[in-house]
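Visitor: Sequence first, then the predicted structure:
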Amino acid sequence: MSTALLLEQLLNGIQFGVMLFLMAAGLTLIFGVMGLINLAHGSLYMVGAFACAAVAAWTGSFWLGIVASLAAAAAAGAIVEMTVIRRLYSRDHLDQVLATFALILIFSEGTRWVFGSFPLYLDIPLSLAGAVELPGGLHYPLYRLAIIGVGLLVAAGLSLLIARTRLGMRIRAGESDREMIGALGVDIGTLYTIVFALGAALAGLAGAMVGALQSVQVGMGEPVLILAFVVIVIGGIGSIRGAFVGALLVGVVDTLGRFLLPHLLAALIGPSQAQGIGGALASMSIYIVMALILALRPKGLFAAGS
Amino acid sequence: MKRETVLSIAVLVALLALPFAGQALGHPFYVTLATRMAILALAAVGLNIALGLGGLVSFGHAAFFGIGGYAAGIVASHAMNAEPLFGLNLPASMPLAWIMAAVFAGLAALVTGAISLRTSGVYFIMITLAFAQMIYYFAISWPAYGGEDGLSIAMRNGFPGANTARPVDLFLISFGLLVAALLLFWRLRDSRFGAALQAARQNETRVAAIGIEPFPIRLAAFVISAMVAAIAGAMFAELNRFVSPSMLAWPMSGELIVLIILGGTGRLAGPVAGAMVFVMLEYWLGGLTERWQLFLGLILLGVVLFARGGLIGLIAGKVRHG
């Protein structure tokens, strides 16, 4: 096992983490501002991926596909917010879980209806194909580096948006006291729709970018959704910074765990058993990390209001 | 009698009558359908202890359901191949599988519950979900009992005095378990333990102020709830003669919650009514259209948005606080 291989896995972990951040940021914003637990966030990720794949296949341009994914996911988010989600803010979490679970069924079956059961494929754009040589002689795919870049840009943009703009000020105000900001004349309904659409667009972007690495299929969103839950639980619900740190932690621990644990166990108990046990342990590693963090800090690393 | 009591008895009688009516009318398939209802209702009654009484929205009960399923599968396959389990040659017996299911799920619930109950609200939902996923991924990557392919039960485990290969016998065993679980739920709800559990749901601070610590009560409720769900899982595996990691996967957890809310949260017969309607809908919509999940989603959405209190709530009115 060489340093270059380890570095490659580390970069893969960061790329995975950055993608998780795009999902987790929307989830944590929606929970922080509206107090809503949204299981259908994974469906918006899927909508983004399908929109990108369909438009890219139709026009031949990946970039138009990305634009379409942002637009489609934001539009789907806004429509769902205005028709269903809006009625759930005053309900308890149980009703929210069930209603958004129903939305997953509707989105998944609806997508299968439109696009069929077979996965779609999305090609990496030519300008981002191939590998670049990093210092140390490692060849790393340019596209994955681009995902890392986009993720970091979004993180920076999002923290500027929250900290420096009028919209961000309203979002923060909505988090701390929603009655007061309503009383001050801010149209809280519109604000909620905007926040929901923003979170949906980020999920759609994540789906579109990952769609070029994996196949685009129904049900692709839910595994990512559950990891995004782990991320925001680790980071502290409502905190963008927590989501960022949590996402990188989960991405790196998961990727390196899958890579290193079988190797480490092979040295201890022999290679034949290590593959199975190492794989089983690696797939549990992030949950063990989560349990440890929660045992120490039940509200997560960057809990809002602490 | 209160309207809800009458309704509860009516729901149970309807479930008991369904397979025999089906057989009389020449639809032997109804026996399997009714068994499925009884088993899912049993799992939901288990979850209802944590969710309905304790207000603990566990989104990870599929893990316990699946652990139960694997317990049944493992007992059956070891007995089939005459391989010792824990160093003993154990018989292919259903009660043995139930005990194993309850013990292992109880232990899993004790560990994950102790960590999850440090949090509350939406954190609790997400953490129970995450722990269930952890067990799911473990089941997928652990090769000993089939891994991703699951484990077939060539011959069902036996039950004294019954022929478990006969659908009606399997139904009656499942129905008996369901009635026992309902009795347990009813006794628990009206006990001192149940009162403390429900009080902790309504106002944690006040319960603490009168000298009752909510944590151990909630943990006990969580463990009992997991054990009941695990026994249901064991029966589910016997019914399908197959157990796979998909029994542990998160949509199963969602389905169990759906059963409860559909029937009415915290109601005695809520999960039973919910399971009956859900399995019927699944069967009926599945026969009408390939896209049944879409319509199921729309119906569920309608129930959440417009029929608060579920089916039992619609018919028997709101829970009376006396």
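Guide: Now that the structure is in, tell me what you want to look at. Numbers count the residues shown, from 1 in each chain, chains lettered A, B, ... in the order given.

Visitor: C-alpha only now, for contacts and for neighbours.
Guide: OK.

Visitor: ok, now which ones touch residue B:224?
Guide: Contact partners of residue B:224, counting by CA atoms under 8 Å, 6 or more residues apart in numbering or on different chains, are B:46, B:49, B:106.

Visitor: which of the residues you listed tops the neighbour count?
Guide: Sorting the contacts of residue B:224 by how many neighbours each has (other CA atoms under 10 Å in any protein chain shown) puts residue B:46 first, at 33 neighbours.

Visitor: Just to be sure, that residue is in a strand?
Guide: No - counting by DSSP: H, G, I helix; E, B strand; the rest coil, residue B:46 falls outside a strand, being helix.

Visitor: From chain A, how far off is it?
Guide: Separation of residue B:46 from chain A (CA to the nearest CA, to the nearest Å): 17 Å.

Visitor: report the longest helix in the chain, please.
Guide: As the question left the chain open, I've gone with chain A. helix A:3-34 (DSSP state H).

Visitor: Oops, wrong one, chain B.
Guide: Longest helix in chain B by number of residues, with DSSP H as the criterion: helix B:214-240.

Visitor: Give me the pLDDT value at residue B:322.
Guide: pLDDT recorded at residue B:322 is 36.

Visitor: Quick one: distance of the longest helix of chain A to the chain centre.
Guide: Once both centres are worked out by CA atoms, centre = their mean, to the nearest Å, helix A:3-34 turns out to sit 7 Å from its chain's centre.

Visitor: Which positions in that helix come out as buried?
Guide: The neighbour-count check on helix A:3-34 (16 or more other CA atoms under 10 Å in any protein chain shown) flags A:4, A:8-34 as buried.

Visitor: could you point out which element follows that helix?
Guide: Downstream of helix A:3-34, the first helix or strand assigned by DSSP states H and E is helix A:41-59.

Visitor: Run through the strands of chain A in chain order.
Guide: Remark: strands assigned in chain A by DSSP state E are A:131-134, A:138-141.

Visitor: okay, the ones you listed in JSON lines with mean neighbour count and distance to chain B next?
Guide: Formatted as JSON lines, the strands of chain A follow (neighbours: other CA atoms under 10 Å in any protein chain shown; distance: least, CA to the nearest CA, whole Å):
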{"stretch": "strand A:131-134", "mean neighbour count": "13", "distance to chain B": "32"}
{"stretch": "strand A:138-141", "mean neighbour count": "16", "distance to chain B": "28"}
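
Visitor: picking up where we left off before, other SSEs contacting the longest helix of chain A?
Guide: helix A:41-59, strand A:138-141, helix A:142-164, helix A:166-176, helix A:188-211, helix A:221-235, helix A:240-269 (3 or more CA pairs under 8 Å, 6 or more residues apart in numbering or on different chains; DSSP states H and E).

Visitor: Could you rerun that using 7 Å?
Guide: Applying 3 or more CA pairs under 7 Å, 6 or more residues apart in numbering or on different chains; DSSP states H and E, we find helix A:3-34 packed against helix A:142-164, helix A:166-176, helix A:188-211, helix A:221-235, helix A:240-269.

Visitor: Quick one, which of those helices gets closest to residue B:7.
Guide: Comparison of the helices and strands packed on helix A:3-34 against residue B:7 by CA to CA identifies helix A:221-235 as nearest, at 37.7 Å.

Visitor: what does the average pLDDT come to for that closest one?
Guide: Helix A:221-235 comes out at a mean pLDDT of 89.

Visitor: Ok, stretch A:84-100 next?
Guide: 87.

Visitor: Over to stretch A:7-22?
Guide: What stretch A:7-22 shows for mean pLDDT is 92.

Visitor: Stretch B:191-211 too?
Guide: 90.

Visitor: Repeat that for stretch B:61-81.
Guide: Stretch B:61-81 comes out with an average pLDDT of 91.

Visitor: cool, and stretch B:44-52?
Guide: 92.

Visitor: How about exporting that stretch as PDB, limited to the C-alpha atoms?
Guide: Extracted in PDB, the C-alpha atoms of stretch B:44-52 (Å, rounded to 0.1, in the frame of the first residue of the first chain):
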ATOM      1  CA  ALA B  44     -46.800  -2.500  14.600                       C
ATOM      2  CA  VAL B  45     -48.300  -3.300  18.100                       C
ATOM      3  CA  GLY B  46     -44.700  -3.700  19.200                       C
ATOM      4  CA  LEU B  47     -43.700  -0.400  17.700                       C
ATOM      5  CA  ASN B  48     -46.800   1.200  19.200                       C
ATOM      6  CA  ILE B  49     -45.400   0.600  22.700                       C
ATOM      7  CA  ALA B  50     -42.500   2.900  22.000                       C
ATOM      8  CA  LEU B  51     -44.200   5.200  19.500                       C
ATOM      9  CA  GLY B  52     -47.700   5.400  20.700                       C
END
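
Visitor: which other residues reach it?
Guide: Residues outside stretch B:44-52 that contact it (CA atoms under 7 Å, 6 or more residues apart in numbering or on different chains) are B:56-58, B:181-182, B:185, B:221-222, B:225-226, B:228-229, B:256, B:259-260, B:265-266, B:271.

Visitor: quick one, what contacts residue B:41?
Guide: B:271-272, B:275.

Visitor: Neighbour-wise, which one of those leads?
Guide: Going by other CA under 10 Å, residue B:271 tops the contacts of residue B:41 with 35 neighbours.

Visitor: Helix or strand: which one has that residue?
Guide: Judged by DSSP H and E, residue B:271 forms part of helix B:270-288.

Visitor: now check that helix, is it near chain A?
Guide: No - on the criterion CA under 7 Å from any CA of the partner chain, helix B:270-288 is out of touch with chain A, staying 12.9 Å away.

Visitor: Going by distance to residue B:209, which of the contacts of residue B:224 wins?
Guide: Once CA to CA is applied, the member of the contacts of residue B:224 that ends up nearest residue B:209 is residue B:49, at 23.7 Å.

Visitor: Reformat the strands of chain A as CSV; add mean pLDDT.
Guide: As requested, the strands of chain A are exported to CSV (pLDDT from 0 to 100):
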stretch, mean pLDDT
strand A:131-134, 79
strand A:138-141, 83
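
Visitor: Tabulate those strands (TSV), appending distance to residue B:206.
Guide: Formatted as TSV, these follow (distance: least, CA to CA, whole Å):
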stretch	distance to residue B:206
strand A:131-134	61
strand A:138-141	58
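
Visitor: so where's the chain shaky on pLDDT?
Guide: This is for chain A. By pLDDT under 70, the low-scoring segments of chain A are A:1, A:272, A:304-306.

Visitor: oops, I was thinking of chain B
Guide: In chain B, residues with pLDDT under 70: B:1, B:309, B:316-322.
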